[in-house]
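Colleague: All I have is the shape, not the residue letters:
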């Protein structure tokens with residue numbers, strides 16, 4: 001199953017086999033991380049740790065993400081790690097973004113983690129199994145890219161983004177507000193990176209190549225994917 005195909009059946013796994021993965025599976029995850037695509041100008045670091053190095057993690061393993069401050073750095077983490085999330089699930093593993101879990105050892109540049117391991121949680125049967133906003137709530141067009149993007153995971157499932165399509169370009173803007181913004185803390189830009197990965201994969205599935213640029217900050221932060 002490809003990363004794009006996994007979008008439509010992916011499930012956030014919340015129960016796991018506590019047994020550690022074998023070294024072959026872990027090496028495969030490490031290899032993917034080592035070659036994970038990151039956004040231009042960004043260089044997040046990723047580290048695989050076992051559950052005994054974490055607080056509040058239900059899975060046997062997690063990938064810790066480390067980066068500097070700023071919206072672009074957070075965007076890049078979401079973008080890069082969502083690639084791993086889809087890859088792990090395409091291989092039959094479970095995965096879960098965990099905003100509340102933390103590493104035991106405090107490190108100033110730690111930003112978030114993605115938990116993973118074996119699970120018996122089944123894939124979704126299809127788009128009808130997702131609880132998400134409608135396409136028109138998150139996009140100015142109903143098309144294949146928007147339909148893939150609406151399935152992206154986000155903190156507390158708030159989906160704080162808006163897609164604006166114009167000829168040869170799709171712009172992804174932060175659209176979080178109200179109590180949702182307060183509840184998810186500093187995860188909004190990571191969420192924006194997650195949906196950006198879905199946008200890119202959907203464009204690639206249609207045979208288009210996207211050039212991604214980020215601009216602005218805070219409420220005015222936006223990402224443009226120009227494609228041909």
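Modeller: It's in. Keep in mind that this is a model prediction, so the values were computed, not measured.

Colleague: Could you give the number of residues near residue 10?
Modeller: For residue 10, the neighbour count with other Cβ atoms under 10 Å is 22. C-betas here are computed from N, CA, C, even on glycine.

Colleague: and if you look at residue 216?
Modeller: Neighbour count of residue 216, defined by other Cβ under 10 Å: 12.

Colleague: Residue 77 now?
Modeller: Residues near residue 77, counting by other Cβ under 10 Å, number 26.

Colleague: Residue 191 is in contact with that one, correct?
Modeller: No - in this structure residue 77 lies outside contact range of residue 191 using Cβ atoms under 8 Å: 10.5 Å.

Colleague: Check which element follows the helix or strand of the chain with the lowest mean pLDDT along the chain.
Modeller: Least confident helix or strand, the chain: helix 178-183 with a mean of 46, by mean pLDDT, DSSP states H and E. Following helix 178-183 in sequence order, the next helix or strand is helix 188-205 (DSSP states H and E).

Colleague: Buried residues in that next one, which are they?
Modeller: Residues of helix 188-205 classed as buried: 188-203, 205 (neighbour count, 16 or more other Cβ atoms under 10 Å).

Colleague: pLDDT on it, on average?
Modeller: Across helix 188-205, the average pLDDT comes to 96.

Colleague: Quick check on residue 206: phi, psi?
Modeller: Backbone geometry at residue 206, expressed as degrees, to the nearest 10, gives phi -90, psi 10.

Colleague: Next, the contact list for the closest residue to it other than its chain neighbours, please.
Modeller: In space, and not counting its chain neighbours, residue 206 is closest to residue 144: 6.4 Å by Cβ to Cβ, 6 or more residues apart in numbering. By Cβ atoms under 8 Å, 6 or more residues apart in numbering, the residues touching residue 144 are 202, 205, 206.

Colleague: for the residues you listed, which one is nearest residue 224?
Modeller: Residue 224 lies nearest to residue 202 out of the contacts of residue 144, by Cβ to Cβ, at 15.5 Å.

Colleague: Can you report how many residues neighbour the nearest residue to residue 216 once chain neighbours are set aside?
Modeller: Leaving out its chain neighbours, the residue that sits closest to residue 216 by Cβ to Cβ, 6+ apart is residue 222, at 5.5 Å. The tally of other residues near residue 222 (other Cβ under 10 Å) stands at 17.

Colleague: partners of residue 222 in the sheet?
Modeller: Counting by DSSP bridges, residue 222 is bridged to residue 173, residue 215.
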